[in-house]
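# got a predicted model here, sequence first, then my questions.
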Amino acid sequence: MFRRPVVQVLRQFVRHEAEVASSLVLERSLNRVQLLGRVGQDPVMRQVEGKNPVTIFSLATNEMWRSGENEIYQMGDVSQKTTWHRISVFRPGLRDVAYQYVKKGSRIFVEGKVDYGEYTDKNNVRRQATTIIADNIIFLSDQMKEKP
């Protein structure tokens with residue numbers, strides 16, 4: 001008496017589970033960062049034995065806001081927060097251009113992805129590091145002079 005409805009319900013459940021499993025395979029994700037700021041230090045190029053070289057520099061981004069009761073009338077104290085980002089460039093062509101033309105104080109736009117990693121410092125302490133892996137750099141200031 002109940003066999004047929006139970007089998008039909010079971011088939012629907014199995015079909016639903018199969019659809020969920022196949023949708024997980026097609027699921028996409030996005031790890032994308034866009035930063036506009038000023039370079040804090042001249043880039044350095046590092047290379048670990050057996051690995052490709054990397055160009056590294058820091059980038060400062062600023063956030064500004066007005067605080068106080070008279071925000072509507074543009075009065076009150078202006079507060080500012082600076083956030084520093086570590087930029088790493090691995091792509092061979094972009095890595096060399098960044099090393100050659102990025103200078104301290106340059107205003108640049110960086111596109112890339114966030115990478116979280118761990119390393120062990122000189123004192124054998126494990127530390128965490130957040131890095132932006134740059135895919136694209138756009139130079140916005142006129143300080144594009146080649147390093148000597």
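Received it, and whenever you're ready, just let me know what you need. Numbers count the residues shown, from 1 in each chain.
# from now on I want contacts and neighbour counts done on CA atoms only, so please keep to that.
Will do.
# in this structure, which residue is most central in space?
Central residue check for the chain by C-alpha atoms, centre = their mean: the C-alpha nearest the mean position is that of Val114, 3.0 Å away.
# so it bridges to which residues?
Here Val114 shows beta-bridge partners Ile132, assigned using DSSP bridges.
# OK, contacts around it?
The neighbours of Val114, taking C-alpha atoms under 8 Å, 6 or more residues apart in numbering as the test, are 31-33, 130-133.
# by neighbour count, which of those wins?
Neighbour counts for the contacts of Val114 were taken using other C-alpha atoms under 10 Å; the highest belongs to Ile132, with 24 neighbours.
# list the contacts of that residue.
Listed by C-alpha under 8 Å, 6+ apart, the contact set of Ile132 reads 33, 85-88, 112-115.
# before we move on, what about Glu118?
Glu118 sits next to 126-129 when contact means C-alpha under 8 Å, 6+ apart.
# so which helix or strand takes in it?
Assignment of secondary structure by DSSP states H and E places Glu118 within strand 107-120.
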